[in-house]
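> predicted structure and sequence below. I'll ask about it afterward.
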Amino acid sequence: MKDKDDKQAMEVSAVDAEGQAFRDKLEAMFRDNPVNEGDMLFNLGMFVRSSLLAKFLAMDDLYKRIVGIPGDIFEFGVWWGQNLVLMENLRAIHEPFNKERRIIGFDTFTGYEGFTDRDVTGGVMTDGTYATTHDYKEFLSQLLETHEGNNLLGHIRGSHKLIAGNVADTSGEYFEQHPEAIVALAYFDIGTYEPTRAALEAIKPNLIPGSVILLDELTWSGSPGEAIAFKEVFRDMDYKIEKSLIYPSRSIVTVSG
(Lines give C-alpha, C1' and ligand atoms only; values in the text may rest on other atoms or scores of the structure.)
Protein backbone atom coordinates (compact mmCIF):
# COMPACT_ATOMS: atom_id res chain seq x y z
CA MET A 1 0.00 0.00 0.00
CA LYS A 2 2.83 2.37 0.85
CA ASP A 3 4.46 1.80 -2.56
CA LYS A 4 1.14 2.64 -4.24
CA ASP A 5 0.76 5.82 -2.17
CA ASP A 6 4.33 6.86 -2.98
CA LYS A 7 3.71 6.28 -6.69
CA GLN A 8 0.53 8.38 -6.62
CA ALA A 9 2.36 11.17 -4.78
CA MET A 10 5.11 11.12 -7.41
CA GLU A 11 2.52 11.26 -10.22
CA VAL A 12 0.78 14.23 -8.61
CA SER A 13 4.12 15.96 -8.15
CA ALA A 14 4.96 15.41 -11.81
CA VAL A 15 1.61 16.87 -12.89
CA ASP A 16 2.13 19.89 -10.64
CA ALA A 17 5.59 20.45 -12.07
CA GLU A 18 4.31 20.22 -15.64
CA GLY A 19 1.49 22.65 -14.85
CA GLN A 20 3.93 25.11 -13.31
CA ALA A 21 6.12 24.84 -16.39
CA PHE A 22 3.21 25.81 -18.62
CA ARG A 23 2.29 28.70 -16.31
CA ASP A 24 5.88 29.92 -16.48
CA LYS A 25 5.80 29.62 -20.27
CA LEU A 26 2.58 31.62 -20.50
CA GLU A 27 4.11 34.35 -18.33
CA ALA A 28 7.20 34.44 -20.53
CA MET A 29 5.08 34.67 -23.67
CA PHE A 30 3.11 37.52 -22.12
CA ARG A 31 6.31 39.44 -21.37
CA ASP A 32 7.76 38.83 -24.82
CA ASN A 33 4.99 38.91 -27.39
CA PRO A 34 4.76 40.56 -30.84
CA VAL A 35 1.47 42.39 -30.21
CA ASN A 36 1.66 46.19 -29.83
CA GLU A 37 0.40 47.71 -26.57
CA GLY A 38 -2.75 49.20 -28.06
CA ASP A 39 -3.85 45.89 -29.55
CA MET A 40 -2.79 44.06 -26.40
CA LEU A 41 -5.27 46.00 -24.29
CA PHE A 42 -7.99 44.75 -26.63
CA ASN A 43 -6.73 41.16 -26.63
CA LEU A 44 -5.76 40.45 -23.02
CA GLY A 45 -7.96 37.35 -23.12
CA MET A 46 -5.17 35.57 -25.02
CA PHE A 47 -3.26 35.32 -21.74
CA VAL A 48 -6.12 34.72 -19.29
CA ARG A 49 -5.87 31.23 -17.79
CA SER A 50 -9.03 29.18 -17.36
CA SER A 51 -8.85 29.51 -13.56
CA LEU A 52 -8.91 33.30 -13.81
CA LEU A 53 -11.66 33.22 -16.42
CA ALA A 54 -13.68 31.09 -14.00
CA LYS A 55 -13.26 33.82 -11.40
CA PHE A 56 -14.47 36.46 -13.85
CA LEU A 57 -17.54 34.35 -14.61
CA ALA A 58 -18.18 33.82 -10.90
CA MET A 59 -18.01 37.58 -10.33
CA ASP A 60 -20.53 38.07 -13.13
CA ASP A 61 -22.87 35.57 -11.48
CA LEU A 62 -22.42 37.38 -8.19
CA TYR A 63 -23.27 40.76 -9.68
CA LYS A 64 -26.38 39.44 -11.39
CA ARG A 65 -27.69 38.40 -7.96
CA ILE A 66 -27.82 42.01 -6.75
CA VAL A 67 -29.10 43.85 -9.84
CA GLY A 68 -32.55 44.03 -8.27
CA ILE A 69 -31.23 44.85 -4.78
CA PRO A 70 -30.62 48.48 -3.73
CA GLY A 71 -27.46 49.48 -1.94
CA ASP A 72 -23.71 49.56 -2.31
CA ILE A 73 -20.93 47.07 -2.98
CA PHE A 74 -18.24 46.58 -0.35
CA GLU A 75 -15.00 44.64 -0.58
CA PHE A 76 -12.99 43.88 2.53
CA GLY A 77 -9.49 42.96 1.42
CA VAL A 78 -8.77 44.70 -1.89
CA TRP A 79 -5.10 43.93 -2.61
CA TRP A 80 -4.43 45.18 -6.19
CA GLY A 81 -8.12 45.99 -6.76
CA GLN A 82 -9.03 43.64 -9.58
CA ASN A 83 -12.42 42.82 -8.05
CA LEU A 84 -13.27 46.50 -7.70
CA VAL A 85 -12.46 47.10 -11.37
CA LEU A 86 -14.55 44.07 -12.34
CA MET A 87 -17.47 45.35 -10.27
CA GLU A 88 -17.30 48.80 -11.91
CA ASN A 89 -17.36 47.25 -15.36
CA LEU A 90 -20.07 44.74 -14.44
CA ARG A 91 -22.12 47.67 -13.16
CA ALA A 92 -21.69 49.32 -16.54
CA ILE A 93 -22.81 46.11 -18.28
CA HIS A 94 -25.75 45.06 -16.11
CA GLU A 95 -27.10 48.42 -14.91
CA PRO A 96 -25.37 51.23 -16.81
CA PHE A 97 -27.75 53.92 -15.56
CA ASN A 98 -27.37 53.06 -11.89
CA LYS A 99 -24.83 55.61 -10.71
CA GLU A 100 -26.23 55.53 -7.18
CA ARG A 101 -24.59 52.18 -6.44
CA ARG A 102 -21.24 52.95 -4.87
CA ILE A 103 -18.27 50.58 -4.83
CA ILE A 104 -16.19 50.81 -1.65
CA GLY A 105 -12.97 48.98 -0.88
CA PHE A 106 -11.21 48.47 2.46
CA ASP A 107 -7.57 47.42 2.84
CA THR A 108 -4.49 48.20 4.88
CA PHE A 109 -2.50 48.34 1.60
CA THR A 110 0.44 47.28 3.77
CA GLY A 111 -0.48 43.60 4.04
CA TYR A 112 -1.43 41.50 7.04
CA GLU A 113 -0.76 42.98 10.44
CA GLY A 114 -1.28 40.74 13.43
CA PHE A 115 -2.93 37.38 14.02
CA THR A 116 -4.97 35.87 16.84
CA ASP A 117 -5.23 32.35 18.24
CA ARG A 118 -8.20 31.87 15.87
CA ASP A 119 -5.84 32.09 12.90
CA VAL A 120 -3.30 29.71 11.39
CA THR A 121 0.01 31.37 10.58
CA GLY A 122 2.64 30.47 8.05
CA GLY A 123 2.85 30.61 4.28
CA VAL A 124 0.77 33.52 3.01
CA MET A 125 -0.63 34.06 6.51
CA THR A 126 2.32 36.18 7.58
CA ASP A 127 2.67 39.84 8.52
CA GLY A 128 3.17 41.92 5.40
CA THR A 129 1.73 39.43 2.91
CA TYR A 130 -0.42 41.06 0.23
CA ALA A 131 1.20 44.45 0.72
CA THR A 132 0.99 46.71 -2.31
CA THR A 133 3.53 49.20 -3.60
CA HIS A 134 3.98 52.65 -2.13
CA ASP A 135 1.10 55.04 -2.90
CA TYR A 136 -0.81 52.26 -4.63
CA LYS A 137 -4.10 53.46 -3.16
CA GLU A 138 -3.79 56.64 -5.23
CA PHE A 139 -3.01 54.67 -8.39
CA LEU A 140 -5.99 52.36 -7.86
CA SER A 141 -8.26 55.33 -7.28
CA GLN A 142 -7.14 56.82 -10.62
CA LEU A 143 -7.58 53.43 -12.32
CA LEU A 144 -11.15 53.09 -11.07
CA GLU A 145 -11.94 56.64 -12.19
CA THR A 146 -10.48 55.88 -15.62
CA HIS A 147 -12.64 52.79 -16.02
CA GLU A 148 -15.64 54.80 -14.85
CA GLY A 149 -14.84 57.47 -17.43
CA ASN A 150 -14.85 54.84 -20.18
CA ASN A 151 -18.32 53.64 -19.17
CA LEU A 152 -21.75 55.12 -19.80
CA LEU A 153 -22.43 58.28 -17.74
CA GLY A 154 -18.70 58.38 -17.03
CA HIS A 155 -18.86 62.13 -16.58
CA ILE A 156 -20.62 61.50 -13.25
CA ARG A 157 -17.90 60.92 -10.66
CA GLY A 158 -17.82 59.72 -7.07
CA SER A 159 -18.97 56.10 -7.44
CA HIS A 160 -15.85 54.69 -5.76
CA LYS A 161 -14.17 55.07 -2.41
CA LEU A 162 -11.01 53.43 -1.04
CA ILE A 163 -10.48 53.29 2.71
CA ALA A 164 -7.00 52.52 4.00
CA GLY A 165 -6.29 51.14 7.44
CA ASN A 166 -7.01 48.18 9.68
CA VAL A 167 -10.47 46.90 8.72
CA ALA A 168 -11.09 46.06 12.38
CA ASP A 169 -11.24 49.83 12.92
CA THR A 170 -12.24 51.34 9.57
CA SER A 171 -15.29 49.15 8.87
CA GLY A 172 -17.10 50.23 12.04
CA GLU A 173 -16.07 53.84 11.55
CA TYR A 174 -17.46 53.87 8.01
CA PHE A 175 -20.93 52.66 8.98
CA GLU A 176 -21.05 54.97 12.00
CA GLN A 177 -20.42 57.85 9.59
CA HIS A 178 -22.91 56.48 7.04
CA PRO A 179 -25.93 55.20 8.98
CA GLU A 180 -27.96 55.44 5.77
CA ALA A 181 -25.81 52.82 4.02
CA ILE A 182 -27.40 49.66 2.63
CA VAL A 183 -25.25 46.65 1.79
CA ALA A 184 -26.23 44.98 -1.48
CA LEU A 185 -23.01 42.96 -1.71
CA ALA A 186 -20.13 42.44 0.68
CA TYR A 187 -17.09 40.56 -0.61
CA PHE A 188 -14.83 39.21 2.15
CA ASP A 189 -11.25 38.38 1.19
CA ILE A 190 -9.41 39.11 4.43
CA GLY A 191 -8.98 35.63 5.86
CA THR A 192 -8.01 36.60 9.41
CA TYR A 193 -10.38 36.47 12.36
CA GLU A 194 -10.34 39.90 14.00
CA PRO A 195 -10.92 42.19 10.98
CA THR A 196 -13.38 39.72 9.43
CA ARG A 197 -15.47 39.63 12.59
CA ALA A 198 -15.39 43.43 12.94
CA ALA A 199 -16.48 43.95 9.33
CA LEU A 200 -19.26 41.34 9.62
CA GLU A 201 -20.55 43.08 12.74
CA ALA A 202 -20.35 46.44 10.94
CA ILE A 203 -22.39 45.34 7.93
CA LYS A 204 -24.93 43.23 9.84
CA PRO A 205 -27.36 46.08 10.75
CA ASN A 206 -27.14 47.37 7.18
CA LEU A 207 -28.19 44.16 5.41
CA ILE A 208 -31.61 43.74 3.84
CA PRO A 209 -33.45 40.70 2.45
CA GLY A 210 -31.56 39.69 -0.67
CA SER A 211 -28.21 41.13 0.41
CA VAL A 212 -25.34 38.92 -0.71
CA ILE A 213 -22.10 38.12 1.12
CA LEU A 214 -19.21 36.37 -0.62
CA LEU A 215 -16.80 34.56 1.71
CA ASP A 216 -13.53 33.79 -0.04
CA GLU A 217 -11.92 31.49 2.55
CA LEU A 218 -14.88 30.01 4.44
CA THR A 219 -13.82 26.39 3.87
CA TRP A 220 -10.04 26.81 3.61
CA SER A 221 -8.26 25.09 6.48
CA GLY A 222 -5.39 27.56 6.18
CA SER A 223 -7.68 30.41 7.18
CA PRO A 224 -10.11 29.22 9.88
CA GLY A 225 -10.63 32.73 11.27
CA GLU A 226 -13.11 33.62 8.53
CA ALA A 227 -15.42 30.67 9.25
CA ILE A 228 -15.20 31.19 13.01
CA ALA A 229 -16.04 34.89 12.69
CA PHE A 230 -18.95 34.21 10.34
CA LYS A 231 -20.52 31.55 12.55
CA GLU A 232 -20.20 33.76 15.62
CA VAL A 233 -21.71 36.88 14.05
CA PHE A 234 -24.41 35.19 11.96
CA ARG A 235 -25.59 32.56 14.44
CA ASP A 236 -28.92 34.39 14.89
CA MET A 237 -29.37 35.39 11.21
CA ASP A 238 -31.70 33.81 8.68
CA TYR A 239 -29.77 33.11 5.50
CA LYS A 240 -29.11 30.67 2.68
CA ILE A 241 -25.55 29.55 2.00
CA GLU A 242 -24.18 27.81 -1.09
CA LYS A 243 -20.89 27.33 -2.86
CA SER A 244 -20.22 29.09 -6.13
CA LEU A 245 -20.89 26.58 -8.92
CA ILE A 246 -18.28 28.23 -11.14
CA TYR A 247 -15.65 28.83 -8.44
CA PRO A 248 -16.41 26.19 -5.78
CA SER A 249 -13.94 27.44 -3.17
CA ARG A 250 -16.07 30.59 -2.76
CA SER A 251 -19.17 30.55 -0.53
CA ILE A 252 -22.20 32.72 -1.21
CA VAL A 253 -24.53 33.83 1.58
CA THR A 254 -27.91 35.36 0.77
CA VAL A 255 -29.81 37.09 3.56
CA SER A 256 -33.39 35.84 3.88
CA GLY A 257 -36.50 37.97 4.32
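Looks like it arrived, so ask away. Note that this is a predicted model, so its numbers are computed, not measured.
> is it true that Leu185 lies in a strand?
Yes: counting by DSSP: H, G, I helix; E, B strand; the rest coil, Leu185 is found in a strand.
> distance of it from Leu84?
For Leu185, the distance to Leu84 equals 12 Å [C-beta to C-beta, to the nearest Å]. The way it works is simple: take the backbone N, C-alpha and C, and place the C-beta from them, glycine included.
> what does Asp107 give?
Using C-beta to C-beta, Asp107 is found at 10 Å from Leu84.
> Leu185 and Leu84: which is more packed in?
The neighbour count for Leu185 versus Leu84, taken as other C-beta atoms under 10 Å, is higher for Leu84 (25 against 21).
> give the contact list for that one.
Applying C-beta atoms under 8 Å, 6 or more residues apart in numbering, we find Leu84 in contact with Glu75, Val78, Ile103, Gly105, Leu140, Leu144, His160.
> show me the residues you listed that map onto strands.
Glu75, Ile103, Gly105, His160 (DSSP state E).
> helices of the stretch 151-257 of the chain, start to end?
Using DSSP state H, counting those that start in this stretch, the helices of the stretch 151-257 of the chain run over 167-177, 193-203, 224-233.
> contacts for the first one, please.
Judged by C-beta under 8 Å, 6+ apart, the contacts made with helix 167-177 from elsewhere in the structure are 76-77, 104, 106-108, 163-164, 181, 190, 194-196, 198-199, 201-203, 205-206.
> and these, which are buried?
Neighbour counting over the contacts of helix 167-177 (16 or more other C-beta atoms under 10 Å) leaves 76-77, 104, 106-108, 163, 181, 190, 194-196, 198-199, 201-203, 206 as the buried ones.
> sorry, back to before: which neighbours do Asp107 and Leu84 have in common?
With C-beta under 8 Å, 6+ apart as the test, Asp107 and Leu84 both reach Val78.
> show me where pLDDT drops low in the stretch 151-257 of the chain?
Along the stretch 151-257 of the chain, no part satisfies pLDDT under 70.
> go with 80
The model of the stretch 151-257 of the chain has pLDDT under 80 over residues 154, 158, 257.
> name the nearest residue to Gly154, sequence neighbours excluded.
In space, and not counting its chain neighbours, Gly154 is closest to Glu148: 5.4 Å by C-beta to C-beta, 6 or more residues apart in numbering.
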